[in-house]
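Colleague: sequence and predicted structure, then a few things I'm wondering about:
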Amino acid sequence: SLLQEMADVYYLSDLKVTSLPILSYDEHRLRGTPIVIDNGAWECRVGWAGDHQPKLQYRNVLAKTRKEKGKESELLVGSDITNIEAVRHALKSPFDRDVVTHYEASEHLLDYAFSHLGIDHPERVPHPVVITETLGQPNASRHLYSHLLFELYGVPSIAFGIDSLFSLRANVPKIKDVLLVSLSHQTIHVLPIVDGIPQLNKSRRLNLGGAQLAHFLQKTLQLKYPNHVNNVTLSRAEEMFLNHTCVVPQFFDQLKLWKDTDYYDDNVRKIQLPFTVAPKAPPTDPEVLKAKRQELAKRLIEINARKRDERLVVDEANVRQMLIVKDIYEQGYETKFMKALAKLNLGLSNINQLESAIDKIKARIEKAKESKMRSDQGIREEKVEPEIKKKREDMDENEKKDFDTWLLDIRNKFGELKEKKQARIQRRQQLAKRRTAASQERMRIISQLARNTKKEDTFGMEDDDWDVYKKISKDGGDSDSEEEALRCAEYEAVLREHDPQDEEVGRDNPEWHQIHLATETIRTPEIIFQPSMIGHEQAGLGELLEFVLGKFEPDVADRLANSIFLTGGLSNIAGLKERLEAELQCMRPFQSTFKVSLAANTSLDAWRGASVFGSNNENLKTFLTKERFNECGEGYLEEHFHSNRYFPTPPPAEKIEMISNPATPSIKEEISNPSTPKTIVDFSNPPSPHNKASEPMSFE
């Protein structure tokens, strides 16, 4: 059973990231091969166009360590952060959600990428760059990123593309109708493609991703296990989320099953947190303990002998003074006797008390002299050493049998005392309530005992009688005796020492450092379909698919439903495909068909699609050059199948000139000449083509 329990426990890997090597640049030095950058919010993947795998893959974050005494602060980028939890407080990302907003961090990350690719050109990066971006990237963000690449790195040209469309190209390049679902670290996008044209104006976004789910799991476990708040780090929560969670088709039905203890025991995931056992000193040899006790006893005897001799000298001096005072009394000097008695400062007032004190001190002196004589002769009282306790493992068969019988008897006695105590507590609770049978019977008995007449007694029929009853019922039953309490404490101490069944799990036990993943395994990913569980006021993924499909004609919607493609790192969750099929079965018409497919590699396919795009010479005309960038203005990009659509940034609205100290018009002027309010059109957020306020915001 112990081996089975160990097999059911899962261990955290706590992998430490190793620094990436600096690669050789010789192969691409003079070839002008495009550099492909999959700039994701979770990871950044960098490599050369035409390759099947990226050369570099690292977390898209950086951190600056604190400046300490004798040590300068250090900038850690990407895989140089070997322990991310140590610098979690100083961690920075170039992203706000999935949009690049921190360009200083972007500069450091691009330096890291180009330097590890081995590019050693003295002035610039002489390679075109293919870089991924999110759906609906703002013009201002794209403009500043392009400006960074052109001005700081001197790249010849840039091509931007949506990561999910690159992933689609890597898996099914010639498909015409598809409903693309991209589940990433910060957001979820639904993008329909009809007749080979991405319908960006009908795409939708859900502001939810793997980051929110991992954070929810971490906070849930920290609340569930307050003793392990520091051990449940975000990195470990991310690992548990990736390896131990799944999406179920019927969430509420599955949730009810966890109420059954047998189901809980069979399906709970026990996660072993790392811990260090505090070193314990080895048990001391019994002979050594005996020698220490004897040495301590010898020292105590010497100390007592020294105190006894000092006390003997004092007592002999006091006796001599008392005898002198007694002689004064015997000589008949009453006044002199009282003065001498007062000088002794012993609180004595007459001759009888003086004689009694003399007798006590003499007896003490005799006893001290006898002890001193025995000590001088070397005569000591030998105390019997207590028998050393044996462990059950060290006993023979007869001793084990007697020990088990004794322990069983102690356990039975302790159980009987606990049952009696529990019965008394239950009786007190019953007597404290007015309508219980026990309290009614006690009231009846009290009324019969108090009745002094043969007439019918009505005590207890009125409410005031209950107050009287409460006054005479102070205890509500037999109270726990002090003897029983002492016996309970004694039995409990014996069982705690000798019975392993009653031992609590200590901090040195690995089981104390385990956390149980029960409903968390299905509740965490369920947030994708029910964002309201964490307070989001957005529709779930199932409702979002139904909304997007509802914007097309039935025949087009049917084609899209039969070609739903999942991509993005978050789509690796177990059971996601089956759950989406169950959602589609509920929302689609009767007997209609649907199909959900998953990318071959949900994490790398975006980079692979961009690599194929960059290696095709026909696509070089879609790259944006610096001259074209300077000519066309903010956020411009060359459009192609994988890119966002370019909408020119509107000129800023005319500022309304404010008149300083304007004259206040009279009431008549306001009525006769009402001013027409000036409408300022917000071109940054144009209305949806259907102009429905209830619809989610589109990217048109």
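Modeller: Everything's here; your move.
Colleague: identify the residues contacting the residue nearest to the spatial centre of the chain.
Modeller: Centroid check for the chain by C-alpha atoms, centre = their mean gives Q222 as the closest residue, at 3.0 Å. For Q222, the contacting residues are 228-229, 232, by C-beta atoms under 8 Å, 6 or more residues apart in numbering. The way it works is simple: take the backbone N, C-alpha and C, and place the C-beta from them, glycine included.
Colleague: got any ranges where the protein has weak pLDDT?
Modeller: Where the chain drops to pLDDT under 70, the residues are 1-7, 280-281, 283-284, 378-394, 430-435, 438-439, 442-443, 445-483, 499-506, 653-700.
Colleague: give me the longest helix you can find in it.
Modeller: Assignment by DSSP state H gives helix 286-330 as the longest helix of the chain.
Colleague: do a quick rundown of the helices in the stretch 351-500 of the chain.
Modeller: 351-376, 397-431, 437-450, 463-472, 482-498 (DSSP state H, counting those that start in this stretch).
Colleague: JSON lines for the ones you listed, including mean neighbour count and distance to S563?
Modeller: Output for the helices of the stretch 351-500 of the chain, formatted as JSON lines (neighbours: other C-beta atoms under 10 Å; distance: least, C-beta to C-beta, whole Å):
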{"stretch": "helix 351-376", "mean neighbour count": "13", "distance to S563": "105"}
{"stretch": "helix 397-431", "mean neighbour count": "13", "distance to S563": "66"}
{"stretch": "helix 437-450", "mean neighbour count": "14", "distance to S563": "72"}
{"stretch": "helix 463-472", "mean neighbour count": "12", "distance to S563": "77"}
{"stretch": "helix 482-498", "mean neighbour count": "13", "distance to S563": "67"}
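Colleague: closest to R59 out of those helices?
Modeller: Among these, helix 482-498 comes nearest to R59, with 49.3 Å by C-beta to C-beta.
Colleague: what's the angle between the closest one and helix 397-431?
Modeller: Inter-element angle recorded for helix 482-498 and helix 397-431: 140 degrees (by axes from the mean of the first three to the mean of the last three C-alpha atoms, to 10 degrees).
Colleague: how far away from the center of its chain is helix 482-498?
Modeller: Helix 482-498 sits 39 Å away from the centroid of its parent chain (C-alpha atoms, centre = their mean, to the nearest Å).
Colleague: how far away is the closest residue to P138 other than its chain neighbours from R293?
Modeller: Leaving aside its sequence neighbours, P138 sits nearest to V99 (C-beta to C-beta, 6 or more residues apart in numbering; 6.4 Å). To R293, V99 is 75 Å away according to C-beta to C-beta, to the nearest Å.
Colleague: and the residue nearest to the centre of the chain, how far is that from R269?
Modeller: 17 Å.
Colleague: ditto for L323
Modeller: Counting by C-beta to C-beta - L323 and R269 are separated by 89 Å.
Colleague: and what of S164?
Modeller: 31 Å.
Colleague: those two: who's more crowded?
Modeller: Just comparing S164 and R269: by other C-beta atoms under 10 Å the higher neighbour count belongs to S164, 30 against 17.
Colleague: who's in contact with the nearest residue to A557 once chain neighbours are set aside?
Modeller: Nearest non-adjacent residue to A557, counting by C-beta to C-beta, 6+ apart: L549, 4.4 Å away. Applying C-beta under 8 Å, 6+ apart to L549 gives the contacts 179, 557, 560-561, 587.
Colleague: which one's more surrounded, V99 and R293?
Modeller: For V99 versus R293, neighbours defined as other C-beta under 10 Å are more numerous around V99 (18 against 13).
Colleague: run the chain-centre distance for stretch 530-541.
Modeller: 22 Å.
Colleague: now do that stretch: distance from first to last residue.
Modeller: This stretch, stretch 530-541, spans 8 Å end to end (C-alpha to C-alpha, to the nearest Å).
Colleague: circling back: so which of the helices of the stretch 351-500 of the chain is nearest R124?
Modeller: Using C-beta to C-beta, those put helix 482-498 closest to R124, at 75.4 Å.
Colleague: can you spell out which helices and strands pack onto the closest one?
Modeller: If contacts are counted by 3 or more C-beta pairs under 8 Å, 6 or more residues apart in numbering; DSSP states H and E, helix 482-498 sits against helix 397-431.
Colleague: other SSEs contacting the helix it packs on?
Modeller: Other elements packing on helix 397-431 under the criterion 3+ C-beta pairs under 8 Å, 6+ apart are helix 437-450, helix 482-498.
Colleague: please save the CA atoms from the next helix or strand after the last one in PDB.
Modeller: By that I understand helix 482-498. In the C-terminal direction, the helix or strand that comes right after helix 482-498 (DSSP states H and E) is strand 514-517. Taking Å, rounded to 0.1, in the frame of the first residue of the first chain, the C-alpha atoms of strand 514-517 are listed here in PDB:
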ATOM      1  CA  GLN A 514       1.300  17.500  -0.300                       C
ATOM      2  CA  ILE A 515      -1.500  19.500  -2.000                       C
ATOM      3  CA  HIS A 516      -4.600  17.800  -3.500                       C
ATOM      4  CA  LEU A 517      -5.900  18.900  -6.800                       C
END
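Colleague: and strand 514-517, how far from the chain's centre?
Modeller: The answer for strand 514-517 is 11 Å, by C-alpha atoms, centre = their mean.
Colleague: if we can go back for a sec, out of the contacts of L549, who has the most neighbours?
Modeller: Result: L179 is most packed of the contacts of L549 (other C-beta under 10 Å), 25 neighbours.
Colleague: contacting residues for that residue?
Modeller: 190-193, 545, 548-549, 560-561, 563-565.
Colleague: switch to 6 Å and redo it
Modeller: Remark: with contacts taken as C-beta atoms under 6 Å, 6 or more residues apart in numbering, L179 is in contact with 192, 560, 564.
Colleague: just to be sure, T649 is in a helix?
Modeller: No. Applying DSSP: H, G, I helix; E, B strand; the rest coil, one finds T649 to be coil, outside a helix.
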